[in-house]
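J.: Provide a 3D model corresponding to the input given below.
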Amino acid sequence: MRNTSILSVLFLMLMTAVASAAQKVHFVVQVPADTPADAKVYLAGSLPATGEWKAGGVEMAKQADGSWTCDVELEAGKELEYKFTLGSWETVERKADDANVDNRKATIDASTTHIDAKVDRWAKDEKKPQ
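T.: You can find the predicted model right below:
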């Protein structure tokens, strides 16, 4: 009986570890053509691996084709809400008509390995001279 209890506990621990295993997710974002050449693009999100809503959560890497990418280890079974920024909330992504962009959302599971996105425009930092 004791062995059965120990095995049951070990099984539950294993299943918990599998359920919360990190899943590598590759993000690719296309940015507007007028993005400054010296800009840095960031993924800001709700989960710890994406900075817990810090505007400069995960720095992305610029690719030869002009897209920006990053790989993030995210916990399976969690929902990620996220946005793209140029490092501050004053320069967060906006819709083409300059309206706010709702938080993007993705539920992370074993099939979540790649997320594509497009930024229409960036908010203008009114504190910075243009």
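
J.: Now residue 60: closest residue in space, sequence neighbours ignored.
T.: Nearest non-adjacent residue to residue 60, counting by Cβ to Cβ, 6 or more residues apart in numbering: residue 68, 4.0 Å away. The way it works is simple: take the backbone N, C-alpha and C, and place the C-beta from them, glycine included.

J.: quick one, what contacts the one you found?
T.: Taking Cβ atoms under 8 Å, 6 or more residues apart in numbering as the criterion, residue 68 is in contact with 28-29, 31, 41, 60-62.

J.: again, only this time at 7 Å
T.: With contact set as Cβ atoms under 7 Å, 6 or more residues apart in numbering, residue 68 has these partners: 29, 31, 41, 60-62.

J.: Residue 109 against residue 76, yeah?
T.: Yes - assessed by Cβ atoms under 7 Å, residue 109 is found in contact with residue 76 at 5.6 Å.

J.: Looking at these two, which is more packed in?
T.: Applying other Cβ atoms under 10 Å to residue 109 and residue 76 shows that residue 76 carries more neighbours, namely 16 against 12.

J.: Please name the residues that touch residue 57.
T.: Residue 57 makes contacts with 42-45, 50-51, as judged by Cβ under 7 Å, 6+ apart.

J.: just the buried members of those residues?
T.: 42-45, 50-51 (16 or more other Cβ atoms under 10 Å).

J.: Just put these in JSON lines and tack on pLDDT, distance to residue 97 and secondary structure.
T.: Converted to JSON lines, those look like this (pLDDT from 0 to 100; distance: Cβ to Cβ, whole Å; DSSP: H, G, I helix; E, B strand; the rest coil):
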{"residue": "42", "pLDDT": "98", "distance to residue 97": "23", "secondary structure": "strand"}
{"residue": "43", "pLDDT": "98", "distance to residue 97": "23", "secondary structure": "strand"}
{"residue": "44", "pLDDT": "98", "distance to residue 97": "22", "secondary structure": "strand"}
{"residue": "45", "pLDDT": "98", "distance to residue 97": "24", "secondary structure": "strand"}
{"residue": "50", "pLDDT": "98", "distance to residue 97": "27", "secondary structure": "helix"}
{"residue": "51", "pLDDT": "97", "distance to residue 97": "27", "secondary structure": "coil"}
